[in-house]
Structure formats: C-alpha cells, structure tokens
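A.B. asks: Need coordinates for the following:
(2 chains, ligands or ions: 9)
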Number of protein chains: 2
Amino acid sequence: APALVQPETDVNGMPQFLSKLKFSQDGLVAVIVQHIDTGEVLMQAFADRAALNETLQTRLATFYSRSRKGRWCKGETSGAFIHVHKVFVDCDRDSIIYLSDPIGPSCHTGARTCWFSETSLSVDGVQEAGDHTHHADHAPQTTLLSLEQTIAKRREAMQQPSEGKPSWTARLLGNPELACKKVREEAGELCQTLEKSEGRERAASEMADLLYHAMVLLNLQGVSMEEVLRELRRREGVSGVVEKASRQAKPQ
Amino acid sequence: APALVQPETDVNGMPQFLSKLKFSQDGLVAVIVQHIDTGEVLMQAFADRAALNETLQTRLATFYSRSRKGRWCKGETSGAFIHVHKVFVDCDRDSIIYLSDPIGPSCHTGARTCWFSETSLSVDGVQEAGDHTHHADHAPQTTLLSLEQTIAKRREAMQQPSEGKPSWTARLLGNPELACKKVREEAGELCQTLEKSEGRERAASEMADLLYHAMVLLNLQGVSMEEVLRELRRREGVSGVVEKASRQAKPQ
Ligand SMILES: [Zn+2]
Ligand SMILES: [Zn+2]
Ligand SMILES: [Zn+2]
Ligand SMILES: [Zn+2]
Ligand SMILES: [Zn+2]
Ligand SMILES: [Zn+2]
Ligand SMILES: [Zn+2]
Ligand SMILES: [Zn+2]
Ligand SMILES: [Zn+2]
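C.D. replies: Ligands and ions are numbered 1, 2, ... in the order given. Reported below is the predicted structural model:
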C-alpha cells in the first residue's frame, strides 16, 4: 500500500509539479542528490509521490526504500539530514535532482558521498582497488576538486623525506612568499590578456594559472574551495545579486 | 532475454568489477552521467551488465532502455557520444557514475543536460515555469555556474535601456580598466590574508572576491569557466602533475 500522502497545500504549485511526473510501474522515480556548491553527486535513491511531497514540504531529502518498502527521511536516525534547496525534473520526467546542502556525511557509512567505493574502474583499464593512499581517490572528483586534492597530496608528501627535485606545488607550499608573488603575477597576466587582446585561449590559460596558484594559497591557510563557493552562494542568496554583498564585504 | 555479453577481456579487472554489482530484479543498475569538468549531472538512465561491459570496452556511455528493452549507445544516432573517463560504484553497488566529457548536447532534445525542465520547483514554494527568461534557470546550477550565469545576465541586461543605478557587475563589465584594477587589487588582498595572518574566514572571502572579479574579466573575453577547467584537466592529464604543465606554459 502506498504511504499516506500529505495534504498538498504547503508548497505553491506542488500538486501540478507532482502530477507531471512519470512514475515507473512500481510508482517510483530515480532521485539524484547533488551538492549545491561543489557539484558532487552525494547519493542516489528512489522516491514515490509521497516521498517527493514530504521533501517539498519539509525541505529535507526524503526517499522510498525498495527493500524496506517504506518512506525514509535521510538523517532521521543519524541526524545527517540533507537540506534540499531546489528540485529538478529531467526531460522525460522520471528522474529528479535534489540540489542540496548536506548536514554532515551523506553516506550511511559516514563517507562524504556514496561513491567512495574501491571498486572504481578507470577506462585506462587499471583497477584502482589496493593501489591508493587516499580514499577520495575513488570518488568521482571533477576537475576543481581533483586539483584541490593534488595540492593537498603534495602538502602531505612534504612530511615524507623527499626524493629528487620538489614539484612546483611543493616549492610554492614551502615558500609562502613565492606563492604570494605568483598569485599577484598571475592576476596581472590574466589582466594583460584583456588589456593586450591576447585572445580567448590565452585568457583561459592565465585564469587556470591564477586559479591554481590561488588554490595553493588557500591550502596554506587550510581553506577549501567548498568554503569559498559557500561564501559566494551566501552573497548571492542574501543580496539577490552577488556583487552587492561583494561590495559590502569590502572594508573601504 | 539478456543482450549478448561481450568477451570480458579488453579492460583489465572488468569481470571482477561487474561481478561485484548488485543488479535489481530486472537486471539493472541506475547510471548517472556527470560532466568531468563542470560537475553537471547530464543524464540518468539504467544499464544492464552488457551495457556496462560495452561502456568499459568502448569508453562510450551505453545504457539499457527499459521501454525499448534493448541496449543503446548514447550518440549512436545523433553523433553526440559521451566519452566516459571513469566509472564509479556507490556504497551498496547498485548505482553507477559515468564521469564523462560529452561531445555535444547530452539530451535528445538538444539541451546541454536532461534537467532543463520548466517544471522545476523551488523549495521557496515558487513554481518557476513561465516566470523566467533563461532556460538555464531551470537547470540545477551549482554555485560556480550560477555565478557565471548571473554575470552573463548582467551583460545581456546592458543591451536594454537601464533603469536606475547600474549594478557593480554592470559597472565592471562597462569599464574593463576598472575590472582589471579590481582583479589585481583582490589578488593582493588574498595574498595579504596569508601575509598578515588574517584568518581562514577572511581568506575564503577574499578568494570569493578574486574569483568573482576574474570571472567578470573572463566574460568580457567570452571565456567560460568550463574552458578554464578543461585547461586545468588537460595539464594534469598531460603531465600527470598539474604544476609541470603550468610551468611549461609560462613564457619566461
Ligand atoms: Zn541549505
Ligand atoms: Zn529520464
Ligand atoms: Zn552510501
Ligand atoms: Zn580505499
Ligand atoms: Zn600565467
Ligand atoms: Zn574525454
Ligand atoms: Zn545505492
Ligand atoms: Zn534528456
Ligand atoms: Zn577583497
């Protein structure tokens, strides 16, 4: 029997939204939970109409368990609720994204996301299980997070006795003055691409330089890109326009 | 009847990988296609063992269609193939991520992702259908892409007769010299957070400032963050270490 459907009155437009969905024979749609700031895919489960209804009303990610045959709210036992900011439907209306920020780990194992598995397989044909030092190696890291992790690994490696010439990242990490000098330099080079009309490719390349060196500076201060992105979202959310908050944040 | 399984010999470790999966009663696992650079969720479908096998061998995203009861390779009719870089399994082994870079639009409608639907529902209770000018408003944009779009909207709005005081972004867009001045200034302020030990929060805030102003500079040159991220990935891929390529890219 389907779970009790709450009265659909709290969220404006919700009944129309739910009636447009194409539920499978067992009354479910797939649900993907995505981190609103980092873009990480945190978990994937299924939802029936009642679970979606509850999510829209409570703003907490709620699902239908096929094995336990019942509705469940992520975090109801662990406290690690997932705050759902927006809900999206795909082109054929059978797959949902909960764009969310999680309170704590999203996986029941305590991992940050459910894709920490050691059985990941590179298309290069190398099975990665066993051949790693970081569990995050197994998570599907997109480019920015992957770069951040590479820098973090260089930092960790500096604790070990070094072999040969240190990497450029290691040199920057070991010499904060050099890192600052490079950030200022790369910012100037990015500006020059505009000032001297050096072209789109050069601009992308200099932005990559700047981003990389700035991320080294962040690592030196123990700041993650997630925190930076959260700050950008906070500004946009508070003011409606990011630039407004940006100006208010300025001391001068 | 299940589709013919290819001999599982081309990709190292593939048989072990496939045998660890927990297929549903109808022999499927959910598959999420995620953009390797931007983190966008591009599409969601299902795969049987044979479809996964084919994906691992061809490196092209392949699925099983529940409605057509057959295997299909995304792009086989449109040419918009999806290149799969890595395959990941979740904690209970019934959900897969194809970390990918797509050749062209991922949705059969020609949209960039399958989540362009106008029936998205904000948890603020506002149904967005009808109340929008940009289709991308309905896509699940994470913070960085959302900021990029905000800047792009300010640029477009400048074509219209303006009402009242221009936004800060509009002022920057209308005054490239000011934008460059700000990028250099914000880079300096980020460096000062380290040099003067101003603390983690200040560092995150100054990085947010720098990122925002640098993205305005990119918009002025028609460069997207996707291009910047692709360049960062190219460097890491080519050299194995991002910093190496970064140094080679320098003229001096
Ligand atoms: Zn929230
Ligand atoms: Zn679908
Ligand atoms: Zn999990
Ligand atoms: Zn591991
Ligand atoms: Zn440079
Ligand atoms: Zn590729
Ligand atoms: Zn699962
Ligand atoms: Zn689609
Ligand atoms: Zn600043």
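A.B. asks: Confirm for me that residue A:174 is in contact with residue A:157.
C.D. replies: No. In terms of Cβ atoms under 8 Å, residue A:174 does not count as a neighbour of residue A:157; the distance is 11.2 Å. All C-beta atoms are positioned from the backbone trio N, CA, C, and that covers glycine.
A.B. asks: Enumerate the residues of the stretch 51-200 of chain A near ligand 8.
C.D. replies: For the stretch 51-200 of chain A, the contact set with ligand 8 under Cβ under 5 Å from the ion comprises residue A:91.
A.B. asks: Show me which residues of the stretch 51-200 of chain A sit near ligand 5.
C.D. replies: Where the stretch 51-200 of chain A comes near ligand 5, counting by Cβ under 5 Å from the ion, the residues are A:186, A:189.
A.B. asks: OK, now which residue of the stretch 51-200 of chain A is nearest to ligand 8?
C.D. replies: Scanning the stretch 51-200 of chain A for the residue nearest ligand 8 gives residue A:91, at 3.3 Å (criterion: Cβ to the ion).
A.B. asks: in which helix or strand would I find that residue?
C.D. replies: Per DSSP states H and E: residue A:91 is located in neither a helix nor a strand.
A.B. asks: Repeat that for the one 10 residues further on.
C.D. replies: When secondary structure is defined by DSSP H and E, residue A:101 falls within strand A:95-102.
A.B. asks: Do that strand and ligand 2 come into contact?
C.D. replies: Yes. Residues of strand A:95-102 are located near ligand 2 by Cβ under 5 Å from the ion, namely residue A:95.
A.B. asks: Sheet partners, orientation included, of that strand?
C.D. replies: Strand pairing for strand A:95-102, determined by DSSP bridges: strand A:29-35 (parallel), strand A:82-89 (antiparallel).
A.B. asks: Could you check how far it is from the centre of its chain?
C.D. replies: 11 Å (Cα atoms, centre = their mean, to the nearest Å).
A.B. asks: Say whether ligand 1 is contacted by it.
C.D. replies: Yes. Between strand A:95-102 and ligand 1, judged by Cβ under 5 Å from the ion, the touching residues are residue A:101.
A.B. asks: can you list contacts of that strand?
C.D. replies: Applying Cβ atoms under 8 Å, 6 or more residues apart in numbering or on different chains, the contact partners of strand A:95-102 are A:21, A:29-37, A:42, A:47, A:52, A:55, A:61, A:80-90, A:230, B:41, B:44, B:114-115, B:140, B:142.
A.B. asks: Sketch out the low-pLDDT regions of the stretch 51-200 of chain A for me.
C.D. replies: Low-confidence segments of the stretch 51-200 of chain A, defined by pLDDT under 70: A:117-138.
A.B. asks: ok now do residue A:73, which residues does it touch?
C.D. replies: Under the criterion of Cβ under 8 Å, 6+ apart, the contact partners of residue A:73 comprise A:54, A:58, A:60-63, A:81.
A.B. asks: Recalculate using a threshold of 7 Å.
C.D. replies: A:60, A:62 (Cβ atoms under 7 Å, 6 or more residues apart in numbering or on different chains).
A.B. asks: Roughly how far does it sit from ligand 3?
C.D. replies: Counting by Cβ to the ion, to the nearest Å, the gap from residue A:73 to ligand 3 is 15 Å.
A.B. asks: Residue A:155 too?
C.D. replies: The value you get for residue A:155 to ligand 3, if Cβ to the ion is used, is 28 Å.
A.B. asks: can you check residue A:153 too?
C.D. replies: When Cβ to the ion is applied, the distance between residue A:153 and ligand 3 equals 24 Å.
A.B. asks: which secondary structure element contains that residue?
C.D. replies: Under the assignment given by DSSP H and E, the secondary-structure element containing residue A:153 is helix A:143-157.
A.B. asks: mean confidence score for stretch A:202-212?
C.D. replies: Stretch A:202-212 shows a mean pLDDT of 98.
A.B. asks: do the same with stretch A:27-35
C.D. replies: Per-residue pLDDT values over stretch A:27-35 give a mean of 97.
A.B. asks: before we move on, back to that, just give the nearest non-adjacent residue to the residue of the stretch 51-200 of chain A closest to ligand 8, would you?
C.D. replies: Of all residues not flanking residue A:91 in the chain, residue B:114 sits nearest, at 4.6 Å (Cβ to Cβ, 6 or more residues apart in numbering or on different chains).
A.B. asks: for that neighbour, what are its contacts?
C.D. replies: By Cβ under 7 Å, 6+ apart, the contact list for residue B:114 reads A:90-91, B:42-43, B:106-107.
A.B. asks: rerun at 10 Å
C.D. replies: A:88-92, A:95, A:97, B:33, B:41-45, B:105-108, B:139 (Cβ atoms under 10 Å, 6 or more residues apart in numbering or on different chains).
A.B. asks: Next one: it from residue B:89, what distance?
C.D. replies: In this structure, residue B:114 lies at 22 Å from residue B:89, with Cβ to Cβ, to the nearest Å as the measure.
A.B. asks: can you give me the helices in the stretch 151-252 of chain A?
C.D. replies: Secondary structure of the stretch 151-252 of chain A (DSSP state H, counting those that start in this stretch): helices located at A:168-174, A:176-195, A:200-220, A:225-239, A:242-248.
A.B. asks: how about the residues of chain A near ligand 3?
C.D. replies: Residues of chain A found near ligand 3, taking Cβ under 5 Å from the ion as the criterion, are A:107, A:114.
A.B. asks: Just want the most central residue of chain A.
C.D. replies: The structure's chain A has its C-alpha centroid closest to residue A:38; by Cα atoms, centre = their mean the separation is 2.2 Å.
A.B. asks: dump the residue contacts of that residue.
C.D. replies: So, once contact is read as Cβ under 10 Å, 6+ apart, residue A:38 ends up touching A:101, A:112-113, A:141-142, A:144-145, A:148, A:224-226, A:229-230, B:39, B:142-144.
A.B. asks: Over to residue A:46?
C.D. replies: A:23-24, A:26-31, A:63-66, A:96, B:30.
A.B. asks: In terms of helices and strands, where is it?
C.D. replies: Under the assignment given by DSSP H and E, the secondary-structure element containing residue A:46 is strand A:41-47.
A.B. asks: now that strand against strand A:95-102, angle please.
C.D. replies: 130 degrees (axes from the mean of the first three to the mean of the last three Cα atoms, to 10 degrees).
A.B. asks: before we move on, the earlier item: tell me the most buried of the strands paired with strand A:95-102?
C.D. replies: Comparing those on average neighbours per residue, with mean count of other Cβ atoms under 10 Å in any protein chain shown, the densest one is strand A:29-35 at a mean of 23.
A.B. asks: just how off-centre is that strand within its chain?
C.D. replies: Centre-to-centre, strand A:29-35 and its host chain are 13 Å apart (Cα atoms, centre = their mean).
A.B. asks: quick one, it and helix B:143-157 angle?
C.D. replies: Strand A:29-35 and helix B:143-157 are oriented at 90 degrees to each other (the same axes, to 10 degrees).
A.B. asks: Would strand A:29-35 count as contacting ligand 1?
C.D. replies: No. In terms of Cβ under 5 Å from the ion, no part of strand A:29-35 sits within range of ligand 1; the closest distance is 10.8 Å.
A.B. asks: before we move on, the earlier item: how about the contacts made by the residue of the stretch 51-200 of chain A closest to ligand 8?
C.D. replies: Taking Cβ under 10 Å, 6+ apart as the definition of contact, the neighbours of residue A:91 are B:43, B:106-109, B:111, B:113-117.
A.B. asks: Tell me the one of those nearest ligand 1?
C.D. replies: If you rank the contacts of residue A:91 by distance to ligand 1 using Cβ to the ion, residue B:115 comes first, at 19.3 Å.
A.B. asks: So that closest one belongs to a helix, correct?
C.D. replies: No. The assignment for residue B:115 by DSSP: H, G, I helix; E, B strand; the rest coil gives coil, which leaves it out of any helix.
A.B. asks: burial measure for it, as a count.
C.D. replies: Burial of residue B:115 is recorded as 28 neighbouring residues (other Cβ atoms under 10 Å in any protein chain shown).
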